[in-house]
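> Model the structure of this input:
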Amino acid sequence: MLAYGELLDSNVSPVAVPSVRCHSAQISADPFTALVMLKTSLTAVVSLATLLLSASSASAGITLVRQLDPFAGNNRYADVWGDGDFAYVGSFNGSGAAIFDVSDPANAFLAGFYNPGSGGQFKDVKVHNGIGYFASDNDGGVHIVDVSDPTNPTLLSQILPDDGGYDHVHNVSVHNGFLYEADSRTNVVKVFDVSDPSNPFFVRDIVTTDSRFIHDVTAVNGRLFTSGFGGSTDIYDISNVGTEAPALLGTIASGSNSHSSYPTPDGNFLVSAREISNGDVRIYDITDPSDPELVSVLNRTNLGIEAFSPHNPIVMDGFLYISWYQAGLVLVDINDPSNPHFVDQFDTFPGPVSGFDGNWGVYPFLGPERVLLSDMDGGLFIVDASGAVPEPTSVAVWLVIAGGTAGFAGIRRRRRAIAS
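Alright, predicted model coming up:
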């Protein structure tokens, strides 16, 4: 009711788009006069808020905090993960998993290293509560490692073919005490109970619908998303995976070379990346998983970037973080998934666009001020994206109108997206 002080989403500035709410209006004037005076005063408040917020509304963009490249050679690094105050980076042509202390991002350092000597081509690394799950793509299966003391990582167990697992494991996902393996060679996902990391045991196979092989798996919020290079992305209900076969909820025809995927926190949308020359990132409405709908497509042309292919997408707080090989980190606002907006980019790779080089992985869940990136040659990059994805800002003011208090006005600035 505008007469009682509610003015929403006033476009008073192309930079800051505030919302204003006034409460507890007490106006000792006739209704018409009160309306005019309140509307005029609110306009002044909005203008004041615009001035107050204008300095902070201009994006500082994504900035480098620290880079760590402790190992010699080329194409040494693979995926990245974070847990507490530590970052973990796997190996592509190297061996082992590097452990970095990032408690003080500007002074991050190599704290430890897990290198088993053989089978240590850990292309994927996941760590939960001080337990590492390192996927070996050269005959090592999965190494389950106690990394609570980063200076002395300790192998607790391995999951090998004799245990029902794969010898080559390209990707893993851990969720609610269960580990999911994808070997990037078959269309079968293997499931293990890892509630006791020292004694994992085989639970079941999940035979997916993909015609080629499953490259990547993501288990989150009771669902499993399997990305198949044959062009199928399956969605399973894994809420009772320990006692019953997961129900197939739906299959997305996500295109050839479907590499990896990640859902929005509400589970209503899925982001899928295709690893192929001029590959794209597709966003699907999966509100009804049995009837998915493509709502938007991102590619290097409409984003204005130069890179061979996207690699891994992650969604956090309405923003899509994509490791996009030679383009580095690409940040996209998907608060409206059907109308995504390019926000910013941080390039980790200075070389030419040719095949698979540059940024392999991204991990934003330590917070936007210390987003982790893993460049295949450059190692660990810690970047600050808080200037590109600022938290909502509030300003408090009081209005006095015609001898009466119109009430408290809170002004909030919406997160800003930069249209591509």
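
> Give the full set of residues in contact with the residue nearest to Tyr114 when sequence neighbours are not counted.
Distances taken as CB to CB, 6 or more residues apart in numbering put Pro153 closest to Tyr114, at 3.9 Å, once the chain neighbours are dropped. Heads up, the C-betas are built off the backbone N, CA and C, glycines and all. With contacts defined as CB atoms under 8 Å, 6 or more residues apart in numbering, the neighbours of Pro153 are Ala97, Ile99, Gly112, Phe113, Tyr114, Gly132, Val145, Asp146, Val147.

> Closest one of these to Val353?
Ala97 (28.5 Å; CB to CB).

> That closest one bridge partners, please.
Beta bridges link Ala97 to Tyr114 when assigned by DSSP bridges.

> Hmm, it is touching Trp81, no?
No: using CB atoms under 8 Å, Ala97 is not in contact with Trp81; the gap is 9.3 Å.

> which one of the two has more residues nearby?
Set Ala97 next to Trp81 and count neighbours by other CB atoms under 10 Å: Ala97 wins out with 28 against 23.

> Quickly note the distance from the more buried one to Val147.
Noted for Ala97: a distance of 8 Å to Val147, by CB to CB, to the nearest Å.

> For these two, list the residues in contact with both.
Tyr88, Tyr114, Gly132, Pro153.

> Out of those residues, give me the two with the largest separation.
The most widely separated members of these, counting by CB to CB, are Tyr88 and Pro153 (10.0 Å).

> For Glu369, which three-state class applies?
helix (DSSP: H, G, I helix; E, B strand; the rest coil).

> Correct me if wrong: it contacts Pro105.
Yes: counting by CB under 8 Å, Glu369 sits close enough to Pro105 to count as a contact (7.3 Å).

> which neighbours do the two share?
Here Glu369 and Pro105 share the contacting residues Val65, Asp384, scored by CB under 8 Å, 6+ apart.

> When those two are compared, which one has more neighbours?
Using other CB under 10 Å, the more surrounded residue of Glu369 and Pro105 is Pro105, with 21 against 14.

> show me the contacts for the more buried one.
Applying CB under 8 Å, 6+ apart, we find Pro105 in contact with Val65, Arg66, Glu369, Arg370, Ile382, Asp384.

> what about Gly387, neighbour count?
16.

> Same question for Leu110.
When neighbours are counted by other CB under 10 Å, Leu110 registers 18.

> name the element it belongs to?
Using DSSP states H and E, Leu110 sits within strand 109-114.

> Give me the buried positions along that strand.
For strand 109-114, burial by neighbour count (16 or more other CB atoms under 10 Å) applies to Leu110, Ala111, Gly112, Phe113, Tyr114.

> after it, next one along is what?
strand 122-128.

> just the angle between that following strand and strand 109-114, please?
Here strand 122-128 runs at an angle of 110 degrees relative to strand 109-114 (axes from the mean of the first three to the mean of the last three CA atoms, to 10 degrees).

> which secondary structure elements does the next helix-or-strand element following strand 122-128 contact?
Moving toward the C-terminus from strand 122-128, the next helix or strand (DSSP H and E) is strand 131-136. Where contact means 3 or more CB pairs under 8 Å, 6 or more residues apart in numbering; DSSP states H and E, strand 131-136 is packed against strand 86-91, strand 122-128, strand 142-146, strand 171-175.

> The nearest residue in space to Ser198 that is not next to it in sequence: neighbour count?
The shortest distance from Ser198 to any non-neighbouring residue, by CB to CB, 6+ apart, is to Leu156 (4.7 Å). Neighbours of Leu156 under the rule other CB under 10 Å: 17.

> and Leu156, what is it in contact with?
Ile131, Ile144, Val145, Asp146, Pro197, Ser198.

> how near is it to Phe134?
Distance, Leu156 to Phe134, using CB to CB: 11 Å.

> which residues do these two both contact?
Joint contacts of Leu156 and Phe134 (CB under 8 Å, 6+ apart) are Ile144, Val145.
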